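Participant: Structure, please.
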Amino acid sequence: LLSAKNIVTPSHMEKRQLVEVYSVLEEKIHVVPRGIQTHFLKPKIRTLNGPPKFCSVGSIKPQKNTLGLIHLFAKAAAIYPGATLQVIGPVQNIEYFTKVQAEIDRLKISEFVEFNGYIPPTQLSKAIEKTHLHLSTSTCETFGRSIFETLALGLPNIARKSENASAEFLEHLPYARFIDDDRKALE
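Facilitator: Numbers count the residues shown, from 1 in each chain. Sure, this is the predicted structure:
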């Protein structure tokens, strides 16, 4: 990074990280946001007519804090019996995924958690059409693509605020809550 003449990054947050953590000269870094392909996304109005159906879109790895997601969902499922969680995203760390599976088993919620793996953006609308709320417990979200996509699909979001680039742009919206405390997230 230090020897590169130019660096392209998808977010201002990642640019700050490059400057503050890696001491890269700010002038070398150019932000080009990824954006999302909205022509694949079909918004849907959702109604809650039974137990809530949660989803989370993100790869399975420590940075995405899937263990934190499982703990948050377990607390929500205790409040809302019959609630389900659909996890969409590839396993990028098999050792971490093994820990996630073990925690699901320990919490006795395996029948309520479904892993769908990677789903292309062209099929995301169909995959989450029956869900009510998107949860993100990611501990470092440099762009927040899944948050932008699910909001574009008409799905309210609860996500961590710390280290979340999307919070800077979306915090003012009534259907996006950025909260670091699980207790407040459940409220």
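
Participant: Provide the secondary structure category for residue 102.
Facilitator: helix (DSSP: H, G, I helix; E, B strand; the rest coil).

Participant: buried stuff in stretch 60-78?
Facilitator: Neighbour-count burial for stretch 60-78 flags 60-61, 63-70, 72-74, 76-77 (criterion: 16 or more other CB atoms under 10 Å). All C-beta atoms are positioned from the backbone trio N, CA, C, and that covers glycine.

Participant: Mind checking which of these are in helices?
Facilitator: When those are checked against helices (DSSP state H), the matches are 66, 67, 68, 69, 70, 72, 73, 74, 76, 77.

Participant: ok, of these, which one's closest to residue 17?
Facilitator: Nearest to residue 17 among these is residue 68, at 20.5 Å by CB to CB.

Participant: quick one, what contacts that closest one?
Facilitator: Taking CB atoms under 8 Å, 6 or more residues apart in numbering as the criterion, residue 68 is in contact with 137, 139, 182.

Participant: Next, work out how far apart the residue nearest the centre of the chain and residue 7 are.
Facilitator: Nearest residue to the geometric centre of the chain (CA atoms, centre = their mean): residue 136, 3.6 Å. To residue 7, residue 136 is 26 Å away according to CB to CB, to the nearest Å.
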